[in-house]
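*Asks:* Would you be able to build a 3D model of this:
(2 chains)
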Amino acid sequence: MNCWIAKRRSTNFIDGRLRERERARIVKHLNECQSCANEFEQMRLVRSTLRRLSPVKSPAHLRAALQVAASRERQAIAEGAWSTVRRVWNRWLFRLDDSMRPITLPATGGLVSSILLFGALSVTIGTTTRVSDYEVPIMYADHWGANLVPVQLRSSVVLTLNLDGKGRITEYEVRDGSDSFIGDTARLQYNNIAVPDFPSVLAVAQPISRGISISFTPIVYRQ
Amino acid sequence: MAHSLSGNTGSLSILAGAQNGISEEEARIVRGLRAGIESAYQELIDRYEQPIFNMVYRLLGNQTDACDVVQEVFLKVFRSVHSFREQSSLRTWIYRIAVNEAHNHRRWFARHCRHEVPLEKDRPDHDYSIELAQDPGRSPYDQALDSETRAIVERALTKINPLFRTAVVLRDIQNMSYEEIADILQISLGTVKSRILRGREALRRELNQQSSPGLAEALA
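*Replies:* Numbering: from 1, shown residues only, chains lettered A, B, ... in the order given. Take a look at the predicted model:
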């Protein structure tokens, strides 16, 4: 055994962690090497000196501080699950508030603007509603058939319509100058005149229940 | 029971004879801490306040700093006991926290306060305000010698590498086994032996430099 190996094993030797055979080899080396023997002896003294050091007593205020800290921790635990729920709730409230705060002013402005806009439009909507109280005099989707005039067109005609109070056609007469009515009744279903709806007229006129004469140029209505 | 795992990139030791897991007594304390039972807190303080303070004081060499660190250690223990996985003993876990806190404190102090000048110009080598747990049966001479020796050794301890100092303090002052030290420092058994060896050698050199007739007698 050389000095380098002996030195490497000094810790285990001093702490008594070597097997008897290994220990005997080191003891033999120490008997032969005065330098290593001195070094081992000093290491042993260092170890024994450290072990003999008296423990340092902690100051009294440290224990008091630890007991105060322990008391606070126990109090926190005693609040139990509710404190956790409250903590989570408060965290979410904070996040919500944090995210909503920047858009609060724009959102409020938008809401107020919307209310003002719809308030202004409601005046227009009311007027429109009043106008639409007039029923469409000639064409009704529900009464499409009633508004179809079965006329076989051969020339310009004058159509005389009799309307009821709601603008529906009750009677009609077709004139083409000489005759009052020309047409093949068998083909009336295939040659119709559709009296169109003119919504713009409703703005300046109201339906009447008397006869109306309208001149037509030939229009073929195809179904 | 011995297991040792080591790889090319590092080593992890599940150490021979180490106190793996938690004892029934410690488990009872841990359950009490988690439930907020006063007696468990008191028992923890009674058991560990003194040895933890002693170790931290040896690592830092300053009573005020040691008090601060010990308070931090216990606060961490109180607050982290719910996440303590009981894979090591409670004692090992607390010492590990204490060692880490002491190192963090030392690093923080070195970074922030190294250029500060203390109010007292000549700081005494030994803080005599610290009360020793002395054996009342020892003679006044022995006590004085012990005090002198302690001052010299403490001064030498502060001058060696903190890593080696920690290993030496845990082994020779706290009287811990190699396995327990490895578990606390989370290093391999070989590294523990190496650090103890180098720490003792450094301490020996320091003490030789400070050698005096009194010291020789004290060490003998």
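*Asks:* domain assignment for the chain?
*Replies:* All of this is about chain A. Per the record, chain A has its domains at A:3-51, A:144-216, by automatic domain parsing.
*Asks:* The chain in question should be chain B.
*Replies:* B:21-112, B:137-220.
*Asks:* Dump the ones you listed into JSON lines; add distance to chain A and mean neighbour count as well.
*Replies:* To be clear about C-beta, it is placed using only N, CA and C from the backbone, and glycine gets the same treatment. Shown next, in JSON lines, are the domains of chain B (distance: least, Cβ to the nearest Cβ, whole Å; neighbours: other Cβ atoms under 10 Å in any protein chain shown):
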{"stretch": "domain B:21-112", "distance to chain A": "3", "mean neighbour count": "18"}
{"stretch": "domain B:137-220", "distance to chain A": "4", "mean neighbour count": "18"}
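*Asks:* related to what we said a few turns ago, least reliable of the domains of chain A going by mean pLDDT?
*Replies:* The minimum mean pLDDT among the domains of chain A belongs to domain A:144-216 (a mean of 57).
*Asks:* residues making contact with the helix or strand harbouring residue B:197?
*Replies:* Using DSSP states H and E, residue B:197 sits within helix B:189-209. With Cβ atoms under 8 Å, 6 or more residues apart in numbering or on different chains as the test, helix B:189-209 has contacts from A:8, A:10-12, A:14, A:39, A:42-43, A:46-47, A:50, B:4, B:11, B:13, B:15-16, B:152-153, B:156-157, B:159-161, B:163-168, B:171-172, B:178-179, B:181-182, B:185, B:187, B:215, B:219.
*Asks:* What's the local residue count around the closest residue to chain B within chain A?
*Replies:* Of all residues in chain A, residue A:77 sits closest to chain B, at 3.3 Å by Cβ to the nearest Cβ. Using other Cβ atoms under 10 Å in any protein chain shown, residue A:77 has 17 other residues around it.
*Asks:* and it, what is it in contact with?
*Replies:* B:34, B:35, B:36.
*Asks:* could you dump these to JSON lines with pLDDT and secondary structure?
*Replies:* Putting the contacts of residue A:77 into JSON lines (pLDDT from 0 to 100; DSSP: H, G, I helix; E, B strand; the rest coil) gives the following:
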{"residue": "B:34", "pLDDT": "83", "secondary structure": "helix"}
{"residue": "B:35", "pLDDT": "81", "secondary structure": "helix"}
{"residue": "B:36", "pLDDT": "82", "secondary structure": "coil"}
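*Asks:* Show me which residues of chain A are close to chain B?
*Replies:* A:8, A:10-12, A:14-15, A:17, A:39, A:42-43, A:45-47, A:49-59, A:61-63, A:65-67, A:69-71, A:73-74, A:77-78 (Cβ under 8 Å from any Cβ of the partner chain).
*Asks:* Where does pLDDT dip in chain B?
*Replies:* B:1-20, B:112-146, B:211-220 (pLDDT under 70).
*Asks:* Give me the residue at the spatial middle of chain B.
*Replies:* For chain B, residue B:55 is the residue whose C-alpha lies nearest the centre (Cα atoms, centre = their mean; 3.0 Å).
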